[in-house]
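Visitor: Sequence and predicted model, in that order:
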Amino acid sequence: MSTVSRSGETRIWRNWAGTVAARPAREVTPATAGEVADAVRRAAEDGLRVKTVGAGHSFTAVAATDGVLIRPDLLTGIRRVDRAAMTVTVESGTPLKRLNKALAREGLSLANMGDIMEQTVAGAVSTGTHGTGRDSASLSAQITEVELVTADGSLLTCSAEENPEIFAAARLGLGALGVITAITFAVEPLFLLRAREEPMSFDRVTAEFDALHAENEHFEFYWFPHTGNCVTKRNNRSAGPAEPPGAIAGWVERELISNGLLQLACSLGRAVPAAVPGLARVASRALSARSYSDIPYKVFTSPRRVRFVEMEYAVPREAAVAALREVRAMIECSPLKVGFPVEVRTAPADDIPLSAASGRDTAYLAVHLYRGTPHRAYFTAVERIMVAHGGRPHWGKLHTRDAEYLAGACPGFGEFTAVRDRLDPERRFGNDHLRRVLGD
């Protein structure tokens with residue numbers, strides 16, 4: 001989560017990874033959409049810019065501000081469940097964890113989700129949070145309505161029928177269009193997922209990638225650099241019965257290996273980089289095959305207690321294997337010591353202007369390094385490979401692309417910036433990061 005410390009009377013906001021710090025002029029914690037609108041109007045009167053911050057899980061400065069920082073801590077909870085329309089309307093500051101648990105109690109679920117659930121719903125959709133899916137797309141693609149406070153303090157309701165141009169852009173808006181106060185998601189009856197996790201060689205998983213993607217509703221894998229080893233995850237709907245992991249086995253997998261062993265390996269690798277390849281071989285063999293079934297959020301998500309920095313790029317799905325092989329060759333021919341696995345996921349094409357999957361079936365390749373480990377050389381080399389394959393950066397992850405590049409890489413870029421110009425001509429919701437990625 002984000003942290004706040006004090007320096008005299010000035011509050012400093014820091015993100016989860018420690019990559020961004022900002023000192024806003026003031027903070028507000030509104031409890032209603034009306035109070036959000038008042039805060040925006042007062043900021044305009046004082047000549048201050050406005051940003052909303054969620055759980056701080058973005059690695060970029062997308063939420064940083066020297067003006068008014070809106071904390072949505074009181075904008076939480078479910079407003080309504082519409083079983084006829086199969087939708088849920090939720091306040092923007094609601095953590096995904098709370099939403100998922102509340103939906104499960106109602107016998108409902110989102111169709112797909114990312115692999116953590118610490119973010120607020122507005123923060124997650126505003127940066128393009130996604131999981132993996134053959135047919136089901138990101139959280140933003142599951143939105144049916146957005147409630148938004150714009151730069152003049154107006155409260156807009158946006159959907160495919162009402163303010164459709166704004167709705168199209170606001171599903172993934174980087175906080176550049178206004179302050180989201182509520183989101184309506186499509187939901188479905190609660191279902192079970194059968195999870196199959198299995199070690200697999202790099203050569204096999206890359207050779208069979210297309211088949212593994214086609215045969216499974218949700219397929220992803222992790223490759224451990226300096227090894228030929230991967231761990232694959234296949235999640236498919238099941239008629240049941242539920243067979244969750246046992247308490248002890250689940251703790252061993254979730255905490256001891258995925259967090260405890262990884263933390264130890266990362267700490268040792270940062271202190272002694274030469275040990276990284278050997279540690280990677282041990283870590284890549286620590287996870288054994290297992291299968292279980294449970295409700296969606298208990299299968300899709302897991303705790304991430306090891307802090308890291310991350311860069312993620314979306315490439316055309318048909319380029320995924322070639323790009324990954326180039327990353328492997330680059331690491332093997334360099335002095336880099338990479339102690340974190342590379343993650344590969346997929347998504348179907350969508351129609352969201354700033355989505356990394358806009359208009360094309362997509363594969364996401366994510367690279368990580370333990371927090372405090374120098375990352376620039378590794379990320380720069382990987383980014384060069386991704387750009388050569390027409391890559392689009394994840395909006396919440398580290399990257400160096402600017403508006404000129406993104407205008408050519410993202411087909412809906414001009415559509416989005418036109419909506420931004422209309423809603424926020426004075427850039428009330430701007431900051432230095434948005435100036436780089438969206439332009440003036």
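Guide: Yep, it's here. Numbers count the residues shown, from 1 in each chain.
Visitor: Please enumerate the helices of the stretch 151-300 of the chain.
Guide: All helices of the stretch 151-300 of the chain, identified by DSSP state H, counting those that start in this stretch, fall at 164-170, 202-207, 209-215, 247-251, 262-271, 276-284, 296-300.
Visitor: Mind listing what's buried along the last one?
Guide: For helix 296-300, the buried set under the neighbour-count rule, 16 or more other C-beta atoms under 10 Å, comprises 296-300. Using the backbone N, CA and C atoms, a C-beta is placed for each residue, glycine as well.
Visitor: what sits up against stretch 238-249?
Guide: Applying C-beta atoms under 8 Å, 6 or more residues apart in numbering, the external contacts of stretch 238-249 come out as 191-194, 250, 253, 290, 292-295, 298.
Visitor: ok, back up a step: now tabulate the helices of the stretch 151-300 of the chain in a markdown table and tack on mean pLDDT and distance to Leu155.
Guide: Shown next, in a markdown table, are those (pLDDT from 0 to 100; distance: least, C-beta to C-beta, whole Å):
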| stretch | mean pLDDT | distance to Leu155 |
| --- | --- | --- |
| helix 164-170 | 98 | 12 |
| helix 202-207 | 98 | 48 |
| helix 209-215 | 98 | 42 |
| helix 247-251 | 68 | 44 |
| helix 262-271 | 86 | 44 |
| helix 276-284 | 89 | 50 |
| helix 296-300 | 97 | 30 |
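Visitor: from the ones you listed, which stretch is densest packed?
Guide: With neighbours taken as mean count of other C-beta atoms under 10 Å, the helices of the stretch 151-300 of the chain reach their highest mean count in helix 296-300, at a mean of 22.
Visitor: Which neighbouring elements make contact with it?
Guide: helix 96-105, strand 192-201 (3 or more C-beta pairs under 8 Å, 6 or more residues apart in numbering; DSSP states H and E).
Visitor: Could you dump those into JSON lines with mean pLDDT added?
Guide: Below are the helices and strands packed on helix 296-300 laid out as JSON lines (pLDDT from 0 to 100):
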{"stretch": "helix 96-105", "mean pLDDT": "98"}
{"stretch": "strand 192-201", "mean pLDDT": "97"}
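Visitor: okay, and for this structure, where does confidence drop off?
Guide: For the chain, applying pLDDT under 70 flags the ranges 1-10, 248-258.
Visitor: Could I get the contacting residues of the residue nearest the centre of it?
Guide: A centroid search over the chain (C-alpha atoms, centre = their mean) returns Thr129, at 3.1 Å, as the residue closest to the centre. Neighbouring residues of Thr129 by C-beta under 8 Å, 6+ apart: 114, 119, 138-140, 396.
Visitor: how close does the residue nearest to Asp440 when sequence neighbours are not counted get to Arg328?
Guide: When the adjacent residues along the chain are set aside, Asp440 lies closest to Arg427, with 7.8 Å between them (C-beta to C-beta, 6 or more residues apart in numbering). Between Arg427 and Arg328 the distance is 42 Å, computed by C-beta to C-beta, to the nearest Å.
Visitor: For the residue nearest to Met117 when sequence neighbours are not counted, the count of nearby residues, please.
Guide: Distances taken as C-beta to C-beta, 6+ apart place Leu96 nearest to Met117, at 3.9 Å, with adjacent residues excluded. Leu96 is flanked by 26 other residues according to other C-beta atoms under 10 Å.
Visitor: Would you mark the buried spots in stretch 75-89?
Guide: Buried residues in stretch 75-89, defined by neighbour count with 16+ other C-beta under 10 Å: 75-76, 81, 87-89.
Visitor: do the same with stretch 55-62
Guide: Buried residues in stretch 55-62, counting neighbours by 16+ other C-beta under 10 Å, are found at 55-62.
Visitor: And those residues, which two are furthest apart?
Guide: Using C-beta to C-beta, these reach their maximum pairwise distance at Ala55 and Ala61, which is 15.4 Å.
Visitor: can you list the residues that contact stretch 227-234?
Guide: With contacts defined as C-beta under 8 Å, 6+ apart, stretch 227-234 is touched by 195-203, 205, 212, 216, 218-224, 277, 280-281, 284-285, 287, 341.
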